[in-house]
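Participant: sequence first, predicted model second:
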Amino acid sequence: MNEERSLHQISDSHMFFTWGASTNVGNIRTQNQDYFGISNTFIAVADGMGGHNGGEVASETAIKELLQKQRFNTIKEVADQVILANRAVNVRAQENLNLFGMGTTLCALTYLEFPADLSKLVVVNVGDSRVYVLAEGKLQQITQDHSLVEEMYREGKITKIEAENHPRRNVITRSLGTNANVEVDCWEITARKGDRYLLCTDGLTNEVTDEAIFEILQTCKDPQKASEALIETAVNAEGLDNVTAVVVDIKEGEDQSRPIQISNTPAIYGDLFLDSESQEPKKLYKITTPPIWKGNPIPSQLLKFLIGLTIAVIAIGSLVGYYAREGFFIAFESDNDTKITEAQVVIYKGTKGGVLWFEPTIEKRTALLGLDLNDRKLDEISDGVSFDTFHEAQAYIDEIMAEDKPSKPTG
C-alpha cells in the first residue's frame, strides 16, 4: 500500500467497517494521481487528471475536503460534502495557472447516523471510479460511469463488447473541479453485516474483469490481502494506469436474511451554490487587502493616482472578463490527434476563440461524436454554434439526439 497517496483519520475505536487498501503507480506512469482517504466513518477514492502535477493535487484536495466532515444524518448532507470538495478543487485550480483544468473522479461510502436503528449506507460517485458490492454470492456494480462510452452504451449506440474495447473509453463526462457546479449520484442502501464493498479507480476495471474481481473478493477473506491481490492482478495484466482498490467489510447492520436492494436509478443532487432562480452558479469574488508598503511613504498625490489607476485597470479587466465569459457555444473538443468523426461534442462557456487571456472552458461534455452527426450539423458544430444561455445550448444537443435515437442492441 502506498501510504503517500492516502489519508487516514481514525478518531475512535468504534468501527462500523474494517478495510484494506492498496494503490500502485502502474507500469508506465511516473506519478500516481490516485488518492484515497479512510476514517472510521468514511471511505473515499479519487482518480486525478491534469497536466504537470494537477491530477495529484486535484485528487488529494478533494479527499481532504471530503473528510473534513465525519457525521451525516441525511443523504443530501453527504452530497453537499462532495459539492464542497468540487468547489475546493475548482478554487485551487483558479488560483494557480499550472493547475488550470485539473479535476478528479470520486467515489465514496459512508453511513447515516440518524435514525441509528435503520443502518443506512450512502454511496456517491462522480466520474468513472466505481463502487461494487459482494452480497448474496454475486458481485454487483452500484455506481454508473460518467463517461462518453458508457453514455453511448446506455443510449444504445454501441454494444457492451464495443464499449469494453472502445478507444475513447477513458473520456469522462463528469468530474470534480473542472466546473463550478457538479451533479452527484447518490444511493442509499441498507447496511447488512457481512457484505463486502469495493471502491476502485478505472485502472483496476480497465484491466481486470468483473469475474476475476468476484473471484478475488470471494476467496481472500482478509480485506487487505484482497486489495493487494486486486492491485497485483491489474499490474500483472500490464496495466498502464494508476490503480487503487479499497475493500470494505461491513461489521454492523442487519443480518443477511433480508435481500439487499439497490436502485438502478441514483438520486442526483446539484450544486448547493447554485442560484435557485437562474440555475447558474453564483459568482464568487475574492477580496484582497492592499499591499503593505515598506520604506519611505508614498506621496499622497502619487498614491491617489496609483489607486485610481488600479481601480480603472480592475474595471476594464472585469468588463473584458464579463464579455469573454458571457454566453455559451457548442463545438468539438480541440484535439489535433483526433479525427473529426471521433471528436467529442462539448458545450463551452465563453466566447469562441477567447478574448485576451480569457479562454472558453468546457461546461459540459455530451455523448455525441462527429460520426453521430449529419453533414449539416457537422459543419455547424465545426464552426461553433453560439447561444445566450446554457439551456439553449442543451436544447440544441437534445434536438440532435432525438432526431435519430436507435433502439438498444441486445449484444
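Facilitator: Nice, I can see it. Numbering: from 1, shown residues only.
Participant: any idea how far residue 112 is from residue 229?
Facilitator: Taking CB to CB, to the nearest Å as the measure, residue 229 falls 31 Å from residue 112. C-betas here are computed from N, CA, C, even on glycine.
Participant: one more: residue 205?
Facilitator: Computed as CB to CB, the residue 205 to residue 112 distance reads 27 Å.
Participant: now the helices for this structure?
Facilitator: Assigned helices in the chain, in chain order: 54-66, 75-95, 148-154, 160-164, 202-205, 210-219, 223-236, 300-325, 375-383, 390-403 (criterion: DSSP state H).
Participant: which regions of the stretch 1-150 of the chain sit below the pLDDT cut-off?
Facilitator: Along the stretch 1-150 of the chain, segments meeting pLDDT under 70 span 1-4, 10-14, 51-52, 115-118.
Participant: same question, the stretch 301-411 of the chain
Facilitator: Within the stretch 301-411 of the chain, the ranges that satisfy pLDDT under 70 run 301-308, 310-325, 335-337, 353-358, 404-411.
Participant: now do the contacts for the residue nearest to residue 266 when sequence neighbours are not counted.
Facilitator: Excluding its sequence neighbours, the residue lying closest to residue 266 (CB to CB, 6 or more residues apart in numbering) is residue 185, at 3.8 Å. Applying CB atoms under 8 Å, 6 or more residues apart in numbering to residue 185 gives the contacts 124-126, 143-144, 146, 266-268.
Participant: also residue 66?
Facilitator: Residue 66 makes contact with 37, 42, 44, 81-82, 84-85, 106, 108 under the criterion CB under 8 Å, 6+ apart.
Participant: give me the nearest residue to the most centrally placed residue in the chain, chain neighbours excluded.
Facilitator: Nearest to the geometric centre of the chain sits residue 175, at 2.6 Å (CA atoms, centre = their mean). Leaving aside its chain neighbours, residue 175 sits nearest to residue 103 (4.0 Å; criterion: CB to CB, 6+ apart).
Participant: residue 243 now?
Facilitator: Of all residues not flanking residue 243 in the chain, residue 203 sits nearest, at 3.2 Å (CB to CB, 6+ apart).
Participant: for burial, what's the neighbour tally of the closest residue in space to residue 127 that isn't next to it in sequence?
Facilitator: The shortest distance from residue 127 to any non-neighbouring residue, by CB to CB, 6+ apart, is to residue 105 (2.7 Å). Here the count is done by other CB atoms under 10 Å, and residue 105 has 28 residues near it.
Participant: hmm, residue 105 is touching residue 128, no?
Facilitator: Yes - contact criterion CB atoms under 8 Å: residue 105 and residue 128 qualify, at 5.8 Å.
Participant: show me which of the contacts of residue 66 is closest to residue 18.
Facilitator: Of all the contacts of residue 66, residue 42 has the smallest distance to residue 18: 14.1 Å, by CB to CB.
Participant: how many other residues sit next to the closest one?
Facilitator: Residue 42 has 23 nearby residues by other CB under 10 Å.
Participant: can you tell me how far the closest residue to it other than its chain neighbours is from residue 25?
Facilitator: Excluding its sequence neighbours, the residue lying closest to residue 42 (CB to CB, 6+ apart) is residue 110, at 4.6 Å. According to CB to CB, residue 110 and residue 25 sit 27 Å apart.
Participant: kind regards, and thank you for your time.
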